[in-house]
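K.L.:
I would like the atomic coordinates for the input below:
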Amino acid sequence: MPLLPVRSFVPEACSSAAIVRCLLLLFLPCMLFACAKVGPDFSPPDAAMPAGWQDAAAPGVSVGREVSEEWWRTFGDPALDGLVAEARGGNLSLQVAALRVLEARARLGVAVGNLYPQRQQATGGLTWTHPSDRAPTAPQPGTGRNNPDYVQTSVGLDAAWELDFWGKYRRGVEAADADLRAAAADYEAAMVAVTAEVARAYVLYRTLQQQLAIADNNVAIQRESLRIATARFNYGATSERDMRQALSLLRDTEAYIPSLAHSLREARNALCVLLGKPPQDISGQLGLAPIPMAPPGVALGIPADLLRRRPDVRKAEYAAAGQCARLGVAKADFYPAISLGGFVGFSASNVGAFSTGDTFSHGFTAYGGPSLTLPLFNYGRIVNNVRAQDARFQQALTAYRETVLAALRETEDGIDRYLNAQGRAALLAESAADAARSLELAMVQYQEGSTDFTTVLTAARDLSTRQDALAQAGGEISQSLVAVFKALGGGWRTLPEGGPIPLETLREMRARTDWGALPGEKGAVPAGGDVRLPDL
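P.N.:
The predicted structure is shown next:
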């Protein structure tokens, strides 16, 4: 950028007081405009929120109590509690989200650094020059002067500072700070998702265990039916058809068991990946247990709580705040860029009586002053960039409102599914009890010869179907409640016990890079929206 020599605006005869007055006149505008920032200031957007949930009056639903932060503990299952704790410390997706927070902190440091002189560098050089005999400064032929080679040395300090008159760099800091908060909210959203996914996979695992137990029990019942049908056939009391029908039903049930066993392994493998370990047999760790039972009452709070509780909603708000700041950065390009710059250093050459050893012994070279750059013919580039940033800002505001609506829909759907699953399970429990009694009566009647085996066959199939459906309904109750808690956004306020990033990973990163002071070697992720500036 062009720089004015100091001599051009500080006369030789100036006193020290005059120099001070000149400097005050130079920096007074900086002080007056230091707080100016172009572009809009962000305010949280409005979102349409209902006064209450549609099923607020349903039995077992409470809107007067806050949602439990550690909601998985309401199931009263120690195995589930242990899996959640292990996943929150070892899940790789969570670690990636936490590392993105570290990246955002570093980028905030870059933005803060722009508030200070943007160029401050030491320079030095040693140049050998062989001038051309026909260069403009070469001696003319016949003058008797020669045109020797020469060596020149230079050492100095060069600096330039674009003053933040219009808040361009401060808006950049605002944008980077919003990005950091959005990254922290993204980590919290990942924690909610991982916790819910662990609970869902665990409930599915227990449901499949129960379905397998039911299938094994039905195999035992159907084997007894086959034994009775075979005995009656051997005594000539029935035809071979009864025996074949009993055998066919038994084989159907036995064929269902491998499918359940495969689904059980898939659920177990999914749990392993969520825990951050390769798929392996953790059945010993899980053991045998019933499906986690949902608590009798569920606290839902009020819809407005979603705005502060759901991390994805807060992330959308921070994204809008960051884009609002970037709109200010774009608008600052309309205004002149005012900079201060200068150079101070030493120089010498070996021309004539001079010597490169005189670099530091015969005074110094210095120049400096302000400069101004004003965009003129930009052919619409600046104005169209502002338009583009403004359109992105409006997109972010709209995306925030859409995120709120999606949160409301997910919660309402989860509540309705949970209530309906409870009603369905109650009816299926009665149906399964009736089917068991029907099979018992059919077996007695068949043994007495008062009915054919088709009645027994029908009753056995009904019992197997209804018991399997009842087990699935029990799992659906718990899974739908997990979906409700996930939609409500609970489970992110408490960081994992060992920190979001394993200590071994932090040590590996420190061996490569100076990361400064991380929050307690455990933090690295702001909690509750508390964002700390990175070390400079």
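K.L.:
CA atoms for contacts and neighbours, from now on please.
P.N.:
OK.
K.L.:
Buried residues, stretch 142-154. List them.
P.N.:
By 16 or more other CA atoms under 10 Å, the buried positions in stretch 142-154 come out as N147, Y150, Q152, T153, S154.
K.L.:
again with stretch 210-219
P.N.:
Q210, Q211, L212, I214, A215, N218, V219.
K.L.:
Surely D462 and D434 touch.
P.N.:
No. Contact criterion CA atoms under 8 Å: D462 and D434 do not qualify, at 9.7 Å.
K.L.:
ok so, going back, which of the buried residues of stretch 142-154 fall within strands?
P.N.:
If you go by DSSP state E, the buried residues of stretch 142-154 have Y150, Q152, T153, S154 in strands.
K.L.:
Return the item of the residues you listed having minimum pLDDT.
P.N.:
Minimum pLDDT across those is recorded for Y150, with 85.
K.L.:
For it, give the beta-bridge partners.
P.N.:
With DSSP bridges as the criterion, Y150 is bridged to T129.
K.L.:
just to revisit the earlier point, want to throw the ones in strands among the buried residues of stretch 142-154 into CSV with distance to N269?
P.N.:
Listed next are those as CSV, based on distance: CA to CA, whole Å:
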residue, distance to N269
Y150, 75
Q152, 71
T153, 69
S154, 67
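K.L.:
Pick out whichever of D462 and D434 has more residues nearby.
P.N.:
Neighbours per residue, other CA atoms under 10 Å: of D462 and D434, the larger number sits with D462, 19 against 16.
K.L.:
could you say what helices and strands the strand or helix carrying L94 packs with?
P.N.:
Assessed by DSSP states H and E, L94 sits inside helix 92-113. Judged by 3 or more CA pairs under 8 Å, 6 or more residues apart in numbering; DSSP states H and E, helix 92-113 is in contact with helix 168-234.
K.L.:
If we use 10 Å, what do you get?
P.N.:
In terms of contacts (3 or more CA pairs under 10 Å, 6 or more residues apart in numbering; DSSP states H and E), helix 92-113 is packed against helix 78-90, helix 168-234, helix 240-274.
K.L.:
Just name the most buried of the ones you listed.
P.N.:
Each of the helices and strands packed on helix 92-113 was scored by mean neighbour count; the highest is helix 168-234, a mean of 22, by mean count of other CA atoms under 10 Å.
K.L.:
Could you find the residue nearest the spatial middle of this structure?
P.N.:
Nearest residue to the geometric centre of the chain (CA atoms, centre = their mean): D186, 2.7 Å.
K.L.:
Model confidence at Q245, what's the number?
P.N.:
For Q245, pLDDT reads 85.
K.L.:
circling back to that earlier point, angle of the helix holding L94 against helix 240-274?
P.N.:
For helix 92-113 against helix 240-274, the angle by axes from the mean of the first three to the mean of the last three CA atoms, to 10 degrees is 30 degrees.
K.L.:
Can you show me the strands along the stretch 301-450 of the chain?
P.N.:
Counting by DSSP state E, counting those that start in this stretch, the stretch 301-450 of the chain has these strands, from start to end: 337-349, 365-373.
K.L.:
May I have the longest one exported as PDB, CA atoms only?
P.N.:
Going back to what we said before, that points to strand 337-349. Output in PDB follows, covering the C-alpha atoms of strand 337-349 (Å, rounded to 0.1, in the frame of the first residue of the first chain):
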ATOM      1  CA  ALA A 337      -9.800   1.400   4.600                       C
ATOM      2  CA  ILE A 338      -7.500   3.500   6.700                       C
ATOM      3  CA  SER A 339      -4.100   2.100   7.600                       C
ATOM      4  CA  LEU A 340      -0.900   3.000   9.400                       C
ATOM      5  CA  GLY A 341       2.300   1.600   8.200                       C
ATOM      6  CA  GLY A 342       6.000   2.100   8.400                       C
ATOM      7  CA  PHE A 343       9.500   0.700   8.100                       C
ATOM      8  CA  VAL A 344      12.600   1.200  10.200                       C
ATOM      9  CA  GLY A 345      15.900  -0.500   9.300                       C
ATOM     10  CA  PHE A 346      19.500  -0.300   8.300                       C
ATOM     11  CA  SER A 347      21.100  -0.600   4.900                       C
ATOM     12  CA  ALA A 348      24.500  -0.400   3.300                       C
ATOM     13  CA  SER A 349      26.400  -1.400   0.100                       C
END
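K.L.:
so who does the nearest residue to R401 once chain neighbours are set aside touch?
P.N.:
For R401, ignoring the flanking residues on the chain, the nearest one in space by CA to CA, 6 or more residues apart in numbering is A47 at 5.6 Å. A47 makes contact with A304, L307, L397, T398, Y400, R401, E402, T403, V404, L405, according to CA atoms under 10 Å, 6 or more residues apart in numbering.
K.L.:
right, and G368 touches G341 too?
P.N.:
Yes. Counting by CA atoms under 10 Å, G368 touches G341, with 5.4 Å between them.
K.L.:
on that earlier part again, take the contacts of A47 and keep only those in helices.
P.N.:
Among the contacts of A47, DSSP state H puts L307, L397, T398, Y400, R401, E402, T403, V404, L405 in helices.
K.L.:
For ChimeraX, write the selection for the buried entries among the residues you listed.
P.N.:
Only the buried entries of the ones in helices among the contacts of A47 go into this ChimeraX selection, using 16+ other CA under 10 Å:
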select :307,397,398,400,401,403,404,405
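K.L.:
Mind picking the two most distant members of the ones in helices among the contacts of A47?
P.N.:
Farthest-apart pair in the ones in helices among the contacts of A47 is L307 and T398; separation 15.0 Å (CA to CA).
K.L.:
Quick check: what element follows the worst-scoring helix or strand of the chain on mean pLDDT along the chain?
P.N.:
Between all helices and strands in the chain, the lowest mean by mean pLDDT, DSSP states H and E belongs to helix 16-32, at a mean of 47. With elements assigned by DSSP H and E, the helix or strand that comes after helix 16-32 is strand 61-62.
K.L.:
Great, nothing more from me.
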